[in-house]
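Visitor: Have a look at this prediction, sequence included:
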Amino acid sequence: FTHVFMKKLLFLCFIFFSINTHALDSNKLINLDDLKILFDLQKNDWNENVLFLIKKNSFSKVDNDSDVFYLKSIFNDGEIITMPIFSNDIVEKIKFEYIFDYKNNNLKTINDHFNSFKNFCFEYFQNDKSIQVVISKCD
């Protein structure tokens, strides 16, 4: 393992550590530095990290029709699915789907959090069961 790969792997472990936590705990939402690291991952690095993390009970791999693995983080009150979208092995967008066991003003919390990030653009989609946030770099 290279130093950079280990740093990214440790990052993923910390960012998705989800034992006895809630999906919208403010300290569990991704921060700007962690988001930048996710955008630096290549497809193979991402898939290897997901395969490592699914060995823990609080994570699982989401099946899809893509060659990119999606990561589901399981919390006490819901789950978050992280879905990077690659173009030529480089992260173009990252989609987070927040799925909750309860109704609340979650969109405001998520919107306030992500709108504080500079140099990133966000789109939000909400339905009865989840909020999806699609993140890309802005120029």
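Guide: Good, I have the coordinates.
Visitor: which residues touch stretch 83-103?
Guide: Stretch 83-103 has contacts (C-beta atoms under 8 Å, 6 or more residues apart in numbering) with 23-24, 30, 35, 38-44, 46, 62, 64, 68, 70, 77-82, 106, 110, 129-136. The way it works is simple: take the backbone N, C-alpha and C, and place the C-beta from them, glycine included.
Visitor: in it, what counts as buried?
Guide: Neighbour-count burial for stretch 83-103, counted by 16 or more other C-beta atoms under 10 Å, picks out 83-84, 86, 91, 93-100.
Visitor: Distance check, L51 against F69.
Guide: Using C-beta to C-beta, to the nearest Å, one gets 7 Å for the distance from L51 to F69.
Visitor: Which one of the two is surrounded by more residues?
Guide: F69 (21 against 12; other C-beta atoms under 10 Å).
Visitor: Helices - which of the contacts of stretch 83-103 land there?
Guide: Judged by DSSP state H, helices contain the following of the contacts of stretch 83-103: 35, 38-40, 43-44, 46, 106, 110.
Visitor: Pick out the most distant pair among these.
Guide: Pairwise distances across the ones in helices among the contacts of stretch 83-103 peak at 33.1 Å for N44 and N106 (criterion: C-beta to C-beta).
Visitor: out of these two, which sits in the busier spot?
Guide: Legend: neighbour count by other C-beta under 10 Å for N44 and N106, higher for N106 (17 against 9).
Visitor: Would you check that that one makes contact with Q132?
Guide: No: at 11.7 Å, N106 does not count as touching Q132 under the criterion of C-beta atoms under 8 Å.
Visitor: coming back round to it: quick one: buried ones out of the contacts of stretch 83-103?
Guide: The neighbour count (16+ other C-beta under 10 Å) marks 23-24, 30, 35, 38-39, 41, 43, 46, 70, 78-82, 106, 110, 130-136 as buried among these.
Visitor: Point me to the helix or strand that includes F125.
Guide: Using DSSP states H and E, F125 falls within strand 120-126.
Visitor: Just the buried positions in that strand, please.
Guide: Neighbour counts over strand 120-126 (16+ other C-beta under 10 Å) mark 120, 122 as buried.
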